[in-house]
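Colleague: predicted structure and sequence below. I'll ask about it afterward.
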Amino acid sequence: MESGLIKLNPQLMSLLHNNGGQDIIPFGREIFVINVYVAGIQYCKTIAQIQDQITDTTHLTMRRQPENEVDQYAIGIYFNQTRIGWVPMKDNLVIARLMDAGKLFNCKVVSINRQDPSRPRINVSIYMVD
């Protein structure tokens, strides 16, 4: 008996998470999960050039990166195709496991502090799309 469920595989997960899954859920609702500061912004080599394009309420995408050598639960935060940082390690376990189970997430910029142009502090709210 066929259940009608599609088994998740790495290719399907990539399809879902690389564009945030925005195109395939026409009637999704967002469920607030957590508010965090984007970690690792200092490692984004182009942040000085793109930070003026990131404003309050900018929508960012999130991509699961289980191959990360430092953190097996790593989740990159992206502005367009540029990874600007990560969900902090202390906050990413549950979100990573839900993403691995096929749940979609995105985030919105709440505020951005540009006092240090090479390392702005970007505060985001993370939402699960259901």
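Modeller: It's in. No experiment lies behind these values; they were computed from the predicted model shown.
Colleague: how would you label residue 49: helix, strand or coil?
Modeller: helix (DSSP: H, G, I helix; E, B strand; the rest coil).
Colleague: meant to ask about residue 108
Modeller: Assignment for residue 108 (three-state DSSP): strand.
Colleague: what's the neighbour count on the residue nearest to residue 117 when sequence neighbours are not counted?
Modeller: Leaving aside its chain neighbours, residue 117 sits nearest to residue 48 (5.6 Å; criterion: CB to CB, 6 or more residues apart in numbering). (C-beta placed from N, C-alpha, C; glycine too.) Residue 48: 12 surrounding residues under other CB atoms under 10 Å.
Colleague: can you give me the strands for this structure?
Modeller: With DSSP state E, the ranges of strands along the chain come out as 30-37, 59-64, 75-79, 82-86, 104-113, 121-129.
Colleague: out of those, which gets nearest to residue 97?
Modeller: The stretch from the strands of the chain with the least distance to residue 97 (CB to CB) is strand 59-64; that distance is 9.8 Å.
Colleague: pairing partners for that closest one, with directions?
Modeller: Strand 59-64 pairs in its sheet with strand 75-79 (antiparallel), strand 104-113 (antiparallel), by DSSP bridges.
Colleague: please save the CA atoms from the first one in PDB.
Modeller: It refers to strand 75-79. C-alpha atoms of strand 75-79 as PDB (Å, rounded to 0.1, in the frame of the first residue of the first chain):
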ATOM      1  CA  ILE A  75      22.500  26.900   9.300                       C
ATOM      2  CA  GLY A  76      23.700  29.700   7.000                       C
ATOM      3  CA  ILE A  77      21.800  33.000   6.700                       C
ATOM      4  CA  TYR A  78      21.800  34.400   3.200                       C
ATOM      5  CA  PHE A  79      21.100  37.700   1.600                       C
END
